[in-house]
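**Q** here you go, sequence then predicted model.
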Amino acid sequence: MLKLKDRFGDRLSLKPWAVQFFFVMLIPTMLALTQGCYRQPNIKSEVPEMVWPKSSEKPRIRFLQTVSEPDDYQIRKGMFYRIMDYVAGFEAEALLVSPYGVEADQEGRLYVVDAFLKTVVVYDVKSNSYYHFDTGEKPLSSPIDIAVDFQRGNVYVTDSKTGAVFAYQDFGRKFIGFIGQGMLERPTGIAVNKVSSELLVVDTLVGDVLRFDLISHHFKGKFGPRDSSDSLHSPTHISVVQDGSVLVTDSLNFQVLKYDKNGNVIGRFGGAGDGPGYFSRPRGVAADSDGNVYVVDALFDNVQIFSHEGNLLMAFGEHGVDLGEFWLPAGIYIDGEDRIYVSDAYNKRIQIFQYLKEPISKRLKSVTPAKADVQKRTENTGFQLSPELQQLTFEIGSKEQ
């Protein structure tokens with residue numbers, strides 16, 4: 001009884017006679033009836049080799065796997081606990097319905113903000129378990145994005161309807177309070193900047209990036225100063241590069257802005273359009289260990305990759321439901337091992353890819369004189385444009401001149 005109460009808390013309160021009946025009668029019956037209902041751990045065939053670019057060029061991105069339920073992330077509980085989760089309704093809640101924000105930490109936990117379930121689902125490989133954030137008396141209304149301060153075990157979730165950031169301890173198991181309530185109007189993107197020891201929050205409605213101290217959670221200010229050309233128009237997502245610089249998706253200006261750690265604009269790229277290097281509905285943004293910038297586009301159903309200077313390198317993904325294809329992708333996160341996590345919202349899954357880093361001594365540098373400018377923009381990134389993109393970029397540049 002104590003073990004059951006410890007596991008399920010007040011949601012499972014049974015009388016002594018009920019406990020006896022449960023173990024003597026109900027469990028054997030359920031074991032017999034649910035053999036066809038429970039899916040055994042998936043014996044999955046080998047994942048097909050999928051790399052990008054798909055031409056003869058050196059592969060830069062490799063598909064790894066998808067995650068839509070605990071089994072996909074190699075989390076397989078015993079039959080008893082699976083039955084208990086089923087009775088308590090936990091098993092159904094562990095299936096992703098509308099994933100949006102996504103992040104992973106150094107201990108192997110995968111955090112997924114599910115907009116439909118209005119919670120954060122955590123797949124914990126190390127402990128072979130999954131759980132949901134403690135909502136208690138303060139449930140999430142419209143969760144959007146997530147940021148993890150691994151050093152302190154704190155996790156932050158933006159809620160656009162509540163107009164605040166929900167703060168948790170113990171990696172989401174304990175709610176501790178709100179940040180920015182009464183100050184934020186529609187918080188969306190959120191990120192931890194370890195270099196400046198700040199929590200950065202995007203307010204889409206106001207068009208600002210707010211800075212909070214990572215330890216005290218006190219408000220420190222906003223990004224700026226900005227002139228008219230630097231004004232944000234419905235910013236949505238944010239990410240921090242290893243050097244502390246910050247990337248912000250400026251959705252209705254169809255561009256990505258890059259800031260230094262103090263909030264001053266140091267670069268921008270993109271623009272409205274339907275061709276390579278342009279955006280139609282930019283969403284999540286992230287950077288790999290080489291500083292290459294990845295931008296999700298929900299209308300293109302792909303991820304475009306740019307150099308740290310904002311030059312287009314390549315893209316991967318297209319519209320569809322198969323592996324490596326997207327349907328309204330949203331968030332993106334890149335961990336310390338250069339694994340790329342993309343929330344594929346309408347396909348109800350997280351897709352995971354690997355950036356294939358190459359030693360700089362092996363990077364290709366020989367090009368024809370006519371395309372020397374194209375190669376110059378990519379030679380320090382570990383990528384090489386596919387022949388099609390090289391030709392398209394060269395033609396666009398020639399027309400602009």
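**A** Structure's in. What do you need?
**Q** give me the contacts around the helix or strand that contains F269.
**A** Taking DSSP states H and E as the criterion, F269 maps to strand 265-270. By CB atoms under 8 Å, 6 or more residues apart in numbering, the list of residues contacting strand 265-270 from outside reads 226, 230, 245, 250, 254-260, 277-279, 282, 295, 306, 309-311. Backbone N, C-alpha and C define where each C-beta goes, glycine included.
**Q** please redo it, this time with the cut-off set to 7 Å
**A** 226, 230, 245, 254-260, 278-279, 282, 306, 310 (CB atoms under 7 Å, 6 or more residues apart in numbering).
**Q** show me which pair in these is furthest apart.
**A** D260 and Y278 (25.2 Å; CB to CB).
**Q** who has more neighbours out of these two?
**A** Ranked by neighbour count (other CB atoms under 10 Å), D260 and Y278 place Y278 first, with 18 against 15.
**Q** isn't the more buried one right up against Q255?
**A** No. Counting by CB atoms under 7 Å, Y278 does not reach Q255; the two are 9.4 Å apart.
**Q** count the neighbours of the closest residue to A315 other than its chain neighbours for me.
**A** Take A315 and drop its neighbours on the chain: the residue closest to it by CB to CB, 6 or more residues apart in numbering is Q304, 4.5 Å away. A count of neighbours around Q304, defined by other CB under 10 Å, yields 23.
**Q** C-terminal to the helix or strand where Q304 lies, what's the next element?
**A** Element membership for Q304, per DSSP H and E: strand 302-306. Next helix or strand after strand 302-306 toward the C-terminus (DSSP H and E): strand 312-316.
**Q** ok now do the spatially most central residue of the chain, which residues does it touch?
**A** Geometric centre of the chain, nearest residue: V102, 2.9 Å, by CA atoms, centre = their mean. Going by CB under 7 Å, 6+ apart, V102 touches Y111, V112, G331, Y333, Y341, S343, I350.
**Q** from what I see, the fourth one and A104 are in contact.
**A** Yep, that's Y333 we're talking about. Yes. At 6.3 Å, Y333 counts as touching A104 under the criterion of CB under 7 Å.
**Q** looking at the two, which is more packed in?
**A** Y333 (26 against 23).
**Q** please, where are all the strands along the stretch 101-250 of the chain?
**A** 109-114, 119-124, 129-132, 143-149, 154-159, 164-169, 174-179, 187-193, 198-203, 208-213, 219-222, 235-240, 246-250 (DSSP state E, counting those that start in this stretch).
**Q** so for the residue lying closest to K174 once chain neighbours are set aside, what pLDDT did the model give?
**A** Spatial nearest neighbour of K174, chain neighbours left out: D134 (5.6 Å); criterion: CB to CB, 6+ apart. D134 is assigned 77 on the pLDDT scale.
**Q** if I look at D134, how far off is K118?
**A** Note on D134: its distance to K118, by CB to CB, to the nearest Å, is 13 Å.
**Q** neighbour count: these two, which is higher?
**A** More crowded of D134 and K118, by other CB under 10 Å: D134, with 19 against 16.
**Q** show me the shaky parts of the protein.
**A** Scanning the chain for pLDDT under 70 picks out the ranges 1-46, 77-93, 225-228, 359-401.
**Q** what sits up against stretch 230-243?
**A** Contacts of stretch 230-243 (CB under 7 Å, 6+ apart): 188-193, 200, 202, 204, 207-209, 246-253, 265, 283-287, 289, 291.
**Q** start and end of that stretch, how far apart?
**A** 22 Å (CA to CA, to the nearest Å).
**Q** quick one: distance of that stretch to the chain centre.
**A** Counting by CA atoms, centre = their mean, to the nearest Å, stretch 230-243 is centred 15 Å from the centre of its parent chain.
**Q** list the buried ones in that stretch?
**A** D230, L232, S234, P235, T236, H237, I238, S239, V240, V241 (16 or more other CB atoms under 10 Å).
**Q** can I get these in a markdown table including distance to G177?
**A** Formatted as a markdown table, the buried residues of stretch 230-243 follow (distance: CB to CB, whole Å):
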| residue | distance to G177 |
| --- | --- |
| D230 | 33 |
| L232 | 27 |
| S234 | 28 |
| P235 | 25 |
| T236 | 25 |
| H237 | 24 |
| I238 | 22 |
| S239 | 25 |
| V240 | 23 |
| V241 | 29 |
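**Q** what comes up buried for stretch 111-122?
**A** Those would be Y111, V112, V113, D114, A115, L117, K118, T119, V120, V121, V122, for stretch 111-122 by 16+ other CB under 10 Å.
**Q** could you identify the most distant pair in the residues you listed?
**A** So, these by CB to CB: farthest apart are A115 and V122, at 15.9 Å.
**Q** for G189, give me its contacts.
**A** D145, V202, T236, H237, I238.
**Q** which residue ranges of the stretch 1-150 of the chain form helices?
**A** 2-8, 16-21, 27-33, 79-88, 90-93 (DSSP state H, counting those that start in this stretch).
**Q** give me the number of residues near P329?
**A** Neighbours of P329 (other CB under 10 Å): 27.
**Q** I'd say it and D344 touch.
**A** Yes. Between P329 and D344 there is a contact at 5.3 Å, judged by CB under 7 Å.
**Q** quick check: bridge partners of D297?
**A** P282, N302 (DSSP bridges).
**Q** what about it, neighbour count?
**A** 23.
**Q** wait, what's in contact with it?
**A** F279, S280, R281, P282, R283, Q304.
**Q** one more pass at 6 Å, please.
**A** Taking CB atoms under 6 Å, 6 or more residues apart in numbering, we find D297 in contact with F279, S280, R281, P282.
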